[in-house]
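>>> Generate coordinates for the sequence data below:
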Amino acid sequence: MSLNIVIIGVGEVGLNLAKSLSKEDHDITVIDVSSNKCNRVKNAIDAKVIEGNGASQRTLQKIEMKNIDYLLALTRIDEVNLVASHIAHSLGAKKIICRLRNTEYSHKTAVITPSDFDVNHVVFPEKAAQKEIE
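Down below sits the predicted model:
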């Protein structure tokens, strides 16, 4: 089954994930502010590439979000990922996966949590590395 997937942020993690998912015949759209990163994707895989801010409503409105099965917010900036997640959900994306570095958002007493931004699943790379090391 082919899925429609949007990846915001195509650094090493986003690029490698896009490559892997494109091999499985999924429809991939990537968004990044860096023209160099966008060009790397264009040269590596068959994907729709949008150069722009993934936390911009105007940028995200270029995509028919109601047709998006998964949006992955993978930039290095937590706040960009959270805002992008909320906008994408508001525009109709079905599932949102968000990469966060700051574990402050996961504390029991957190004032703001990923669920406030309509995130379905959060990946904390540092927590994953810690578990792997332990």
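>>> C-alpha only now, for contacts and for neighbours.
Noted.
>>> Which residues outside stretch 28-40 are in contact with it?
Defining contact as CA atoms under 8 Å, 6 or more residues apart in numbering, one finds that stretch 28-40 is touched by 4-11, 18, 21-22, 46-54.
>>> ok, residue 105 - how many residues close by?
By other CA atoms under 10 Å, 16 other residues sit near residue 105.
>>> For the residue lying closest to it once chain neighbours are set aside, grab phi and psi.
The shortest distance from residue 105 to any non-neighbouring residue, by CA to CA, 6 or more residues apart in numbering, is to residue 113 (5.1 Å). When read as degrees, to the nearest 10, the backbone of residue 113 gives phi -120, psi 160.
>>> Number of residues surrounding residue 113?
For residue 113, using other CA under 10 Å, the count is 16.
>>> and it, what pLDDT?
Here the pLDDT value assigned to residue 113 is 86.
>>> Double-check it against residue 106; I have them as touching.
Yes - between residue 113 and residue 106 there is a contact under CA atoms under 8 Å: 6.6 Å.
>>> Kindly list the longest helix within the chain.
Ranked by number of residues, the top helix in the chain under DSSP state H is helix 78-91.
>>> Quick check: mean pLDDT of that helix?
Helix 78-91 carries an average pLDDT of 97.
>>> Identify all contacting residues around it.
By CA under 8 Å, 6+ apart, helix 78-91 touches 8, 54-57, 60-61, 65-66, 71, 73-75, 95-102, 114, 117-119.
>>> Just the buried subset of those residues, please.
Neighbour counting with 16 or more other CA atoms under 10 Å marks 8, 54-55, 60, 65, 71, 73-75, 95-101, 114, 117-119 as buried within the contacts of helix 78-91.
>>> Helices of the chain, start to end?
Along the chain, the stretches classed as helices by DSSP H are 12-23, 35-44, 57-60, 78-91, 125-133.
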